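Asker: make a model of this:
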Amino acid sequence: MDWLVTLCVIAAPVLATRAFFRTRALTATILALKANVEVLDQRLSRLEDPQASVSEAPSAEALLPEETASELTPFRAQIAAPLPPAPPGKGWEQILVENWLVWLGGVALALGGAFLVKLSIDYGLLTPAVRVALGMLLGLALWAGAEWIVWGEPAEIRPSNVSQALAAAGAATIFASLYAAYQLYGLLAPALAFPLLALTAAATVLMSLQLGPFVAVLGLAGAFAVPAMVRSEQPSAFALFAYLILVGAGSLALLRHRAWWWLAWIALAGSIGWALTWLAMSYDPADVWAVGGFLLAQIGLFTALRRGIPGVPFLEGVIDEPAVRAVVRTAFWAIVLAVLMLVQADSDGTAALGCAFLTVFSLLAFAYRDSRLDDILAAAGTLAAALLACWRLPLPAAQRVGLLHNLPPEEVGRFLTVAIAFGGLLGAGGFAVLARVPRPSRWAALSAAAPPLLLAVSYWRTAAFGLDLDWTIVALALAASELAAAYWVAQRRDGEAENELVLAAYAVGVLGCTILAAVFVLENAWLTVALAMHLPALAWIEGRLQLPVLRRVALGIAAAVLVRLTLNSEVLRYALSDTLIFNWLLYGYGVPAAAFILATRQFGSGADDLLVKVLEGGSVAFSVLLVTLELWHAMSDRPLRFALDDFDLNAVETIAWLAMAGWLLYLGERRDRVVLRWSGVILFASATVFAVGWQAIFLNPVMPLFGRPVEGWFLLDTLFSAYAIPAALFAVIGIYRLGPRVLWQAALVLAVGFAFLWVTLEVRHFFQGDRLNQGLTGEAEWYVYSAAWLAFAAAGLGAALKWRSLWLRRASLLGLGLVVGKVFLSDMADLSGALRALSFIGLGLVLVGIGYAYRRLQPLQPNPETTS
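Answerer: Below you'll find the model as predicted:
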């Protein structure tokens, strides 16, 4: 009874599906025949109409010879025949029914089979063997239904989603039945379950040739999942990877034959995923040959996917689809990662290193044969550099004990041997094929960059062992070889863009090797100096070779120098001698500044680009830092640092910054250089904030708490450097109108303010001595303030009248008004005796004299509206 129920459950959906789609196929055939009959009727009517209308009116053919008219008649009829109408596109209803609902039905069938098995288990209806057998029969029935539907459809119609859904459901049911027989019930031994599951996957893939790509997806996924479904007490790497090679080869051949390129991602994920999983979880040193051979085989398989297999008809030819290029490129990078993990897992063993070397060689060979994918060269270089960077070297001598602890271990020798081998393969190999590849620039980039890069990695990894090896000589020898290669290329220079890039690559390689030599032999500031001095040399080469790539290299070097000298706080801790000026600051910042200025002129003659602006900004930054740090060193007995409490040092810094700001503004305006102009603006703003906020307010000698004592004699003291000289510099910037309008107008205001502050504080210094924030103000000092301010305002008015400055004239008149207010409001009450009388007499004489001078000189002034 159970068998009968089960057969009914299986047969009912199959027969119903068969009847439905058989009817659908017949309907489609009838509609196609009807459309053909209508087209034929239309053509016959078009053929009959011209014959009926000939007798009604004379045609153009009647005027021609009889032979010509007879030739034109069938041609006319042929043109009159209409083309068959284009088939309409699918609507949303058809897409819903024929695609989504069909696939949903396939999933429901697979789940239904699983639920039947679960039902039989829950109620104990069937034995395990019967359950497995029924599951197998259901899967085979679904497969048979899929084949039945395909054979019942017209040949010109592509396979429908119905057949694919049935086949996929059948494959899933068979997979589940076999897995249950092995894992749940123990009916199948691993030696039998594995081939049965693999055979099911193979059958599913073969069915996809007729049914479509979605069936192939299930078959490929199942094939790669079989090793995970069947466990072994003693897993064999050789058996696993041999099976994976067969699956990968078959799947890649299938998708190449059917042009299902997107399925290659499944093959790639399954193959490399198994390799990475094995290396991470189950690797044994004896597996190196199996894993290494598998990874090398993957290079061959994906090469065949791209370039085909000669002699095999359906696998010949190069596939240049973007999807194929993408998957092959990704596959090679994934193989590089897997090979690197293999070397790490094998503890840098000889076999794993040999596999890595063969991988690099294979990638180079592929790039040589396939110019469209020659960017794979980067993967080869990356593998070599990453392998050396991740090499497990033993402890250095300082961390080892024993009689021979000073001798470098043998592993270091193997490391250097591998480094030399990779450097020779990439450097010499890339140079050897320059004349035989379509795009030699990429090979030249590999050949020029790989040796110095591997040298740098080798030095980094082995420096702690104290090897008796002159790394500088090695770097210079590499520079000489790069120079020889550049000379060979220059002798064959023909103006082609590719050859120009080749020459640029080796020119950059020469500079890179010389920079490495400087790194090996120099340290601290000298290293930065050496880097900066490469910029003029690079500019000289670029000016003669006209290679734009050299400008990008120069930009990178300039950025490195800027970071080392401006953002590196360690420079303040470098050993500094007591010698003024002639110390490491002079060459550490002066030489880079000079190199940047020279490189700016050289590169600027070719183009005014980002590089020139960075060089200009760098030269300004180094010059400002040189002056500032030299002042710190000269005027402070402490290490180099910003001393906010040093009144004299801060005053001199303000003077230096204002002077350099004025010079930069002048150069920026004269040469129309945006960087210089804005550098001057930034430096002016910094100096102004520092001078006003710190010098004039917080460290002002009259401040009760923070005021500093005044050093020096009257007029020749620190007040002169803190206020008088900045006032003069502000005045120069304002008078010559350097920079934007708002800047030089602010400079004029600051000049007047600092000059007034200097005059006032000098009077205070004369009466109170060094401590201006102590002592009481006497009548004589209060009177002298009036006299000094009156003289200051009168001098300003005189200068305004002489130089015809409306702004200064009105500011001076405002100052005179303040002095008048002080005399009448304060001096009258606070002064007594002769001082009060002299105050008013002096004020009166000055005001009368100013009025007389103003009356005599005012007619000489131009219209105030036209003056500034």
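Asker: residue boundaries of the helices in the stretch 401-550 of the chain?
Answerer: 410-432, 440-462, 471-491, 497-521, 525-545, 548-566 (DSSP state H, counting those that start in this stretch).
Asker: closest one to residue 388 among those helices?
Answerer: helix 440-462 (4.7 Å; C-beta to C-beta). C-betas here are computed from N, CA, C, even on glycine.
Asker: report the distance from the closest one to the chain centre.
Answerer: On the basis of C-alpha atoms, centre = their mean, to the nearest Å, helix 440-462 sits 21 Å off its chain's mean C-alpha point.
Asker: can you state the direction angle for it and helix 410-432?
Answerer: With axes from the mean of the first three to the mean of the last three C-alpha atoms, to 10 degrees as the basis, helix 440-462 and helix 410-432 are set at 170 degrees to each other.
Asker: kindly export helix 440-462 (C-alpha atoms) in PDB.
Answerer: The C-alpha trace of helix 440-462 is given here as PDB (Å, rounded to 0.1, in the frame of the first residue of the first chain):
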ATOM      1  CA  PRO A 440      56.900  47.200 -23.200                       C
ATOM      2  CA  SER A 441      56.200  50.000 -20.700                       C
ATOM      3  CA  ARG A 442      54.700  47.500 -18.200                       C
ATOM      4  CA  TRP A 443      57.500  45.100 -18.500                       C
ATOM      5  CA  ALA A 444      60.000  48.000 -18.000                       C
ATOM      6  CA  ALA A 445      58.100  49.100 -14.900                       C
ATOM      7  CA  LEU A 446      58.400  45.600 -13.500                       C
ATOM      8  CA  SER A 447      62.100  45.300 -14.500                       C
ATOM      9  CA  ALA A 448      63.000  48.700 -13.100                       C
ATOM     10  CA  ALA A 449      60.900  48.500  -9.900                       C
ATOM     11  CA  ALA A 450      61.300  44.900  -8.700                       C
ATOM     12  CA  PRO A 451      65.100  44.800  -8.000                       C
ATOM     13  CA  PRO A 452      65.200  48.000  -5.800                       C
ATOM     14  CA  LEU A 453      62.000  46.900  -4.100                       C
ATOM     15  CA  LEU A 454      63.300  43.500  -3.300                       C
ATOM     16  CA  LEU A 455      66.600  45.000  -2.100                       C
ATOM     17  CA  ALA A 456      64.700  47.300   0.300                       C
ATOM     18  CA  VAL A 457      62.700  44.400   1.700                       C
ATOM     19  CA  SER A 458      65.900  42.300   2.100                       C
ATOM     20  CA  TYR A 459      67.600  45.100   3.900                       C
ATOM     21  CA  TRP A 460      64.600  45.600   6.200                       C
ATOM     22  CA  ARG A 461      64.400  41.900   7.100                       C
ATOM     23  CA  THR A 462      68.100  41.300   7.600                       C
END
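Asker: buried residues in it?
Answerer: The neighbour-count check on helix 440-462 (16 or more other C-beta atoms under 10 Å) flags 440-459, 461-462 as buried.
Asker: can you put the helices of the stretch 401-550 of the chain in TSV and add mean pLDDT?
Answerer: Listed next are those as TSV, based on pLDDT from 0 to 100:
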stretch	mean pLDDT
helix 410-432	92
helix 440-462	93
helix 471-491	92
helix 497-521	87
helix 525-545	85
helix 548-566	89
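Asker: as JSON lines, those helices with distance to residue 374 would be great.
Answerer: JSON lines is the format used below for the helices of the stretch 401-550 of the chain (distance: least, C-beta to C-beta, whole Å):
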{"stretch": "helix 410-432", "distance to residue 374": "11"}
{"stretch": "helix 440-462", "distance to residue 374": "5"}
{"stretch": "helix 471-491", "distance to residue 374": "18"}
{"stretch": "helix 497-521", "distance to residue 374": "12"}
{"stretch": "helix 525-545", "distance to residue 374": "24"}
{"stretch": "helix 548-566", "distance to residue 374": "18"}
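Asker: figure out which of the ones you listed is closest to residue 592.
Answerer: Residue 592 lies closest, by C-beta to C-beta, to one member of the helices of the stretch 401-550 of the chain: helix 525-545, at 3.8 Å.
Asker: any low-confidence regions in the stretch 651-800 of the chain?
Answerer: 705-707, 775-779, 782-783 (pLDDT under 70).
Asker: same thing but 90
Answerer: Counting by pLDDT under 90, the stretch 651-800 of the chain has low-confidence residues at 651-652, 671, 690-691, 693-719, 722, 735, 752-753, 756, 759-800.
Asker: compute the number of surrounding residues for the residue lying closest to residue 714 once chain neighbours are set aside.
Answerer: What sits nearest to residue 714 in space, not counting adjacent residues and going by C-beta to C-beta, 6 or more residues apart in numbering, is residue 766, at 5.5 Å. For residue 766, the neighbour count with other C-beta atoms under 10 Å is 13.
Asker: just residue 288 next, same as before
Answerer: 21.
Asker: any idea which helix or strand comes after whichever strand or helix holds it?
Answerer: Secondary structure from DSSP states H and E places residue 288 in helix 288-307. Per DSSP H and E, the first helix or strand lying C-terminal to helix 288-307 is helix 322-345.
Asker: mean confidence for that next one?
Answerer: Averaging pLDDT along helix 322-345 gives 95.
Asker: which other residues reach the next helix or strand after it?
Answerer: Once helix 322-345 ends, the next helix or strand along the chain (criterion: DSSP H and E) is helix 350-369. Here helix 350-369 makes contact (C-beta atoms under 8 Å, 6 or more residues apart in numbering) with 288-289, 292, 295-296, 299-300, 303, 307, 332, 335-336, 339-340, 342-343, 345-346, 373-377, 379-380, 383-384, 387, 418, 421-422, 425-426, 429, 433, 436-437, 442-443.
Asker: kindly recompute the last result at 7 Å.
Answerer: Contact with helix 350-369 is made by 288-289, 292, 295-296, 299, 303, 332, 335-336, 339, 342-343, 346, 373-374, 376-377, 379-380, 383-384, 387, 418, 421-422, 425, 429, 433, 437, as judged by C-beta atoms under 7 Å, 6 or more residues apart in numbering.
Asker: any of those residues buried? List them.
Answerer: 288, 292, 295-296, 299, 303, 332, 335-336, 339, 342-343, 346, 373-374, 376-377, 379-380, 383-384, 387, 418, 422, 425, 429, 437.
Asker: how much space between the residue nearest to residue 712 when sequence neighbours are not counted and residue 523?
Answerer: Excluding its sequence neighbours, the residue lying closest to residue 712 (C-beta to C-beta, 6+ apart) is residue 718, at 5.8 Å. Distance, residue 718 to residue 523, by C-beta to C-beta, to the nearest Å: 40 Å.
Asker: of these two, who's got more company?
Answerer: residue 718 (20 against 11).
Asker: give me the helices and strands touching the host helix or strand of residue 266, please.
Answerer: Per DSSP H and E, residue 266 falls inside helix 264-281. Packing partners of helix 264-281 (3 or more C-beta pairs under 7 Å, 6 or more residues apart in numbering; DSSP states H and E): helix 213-229, helix 237-258, helix 288-307, helix 322-345.
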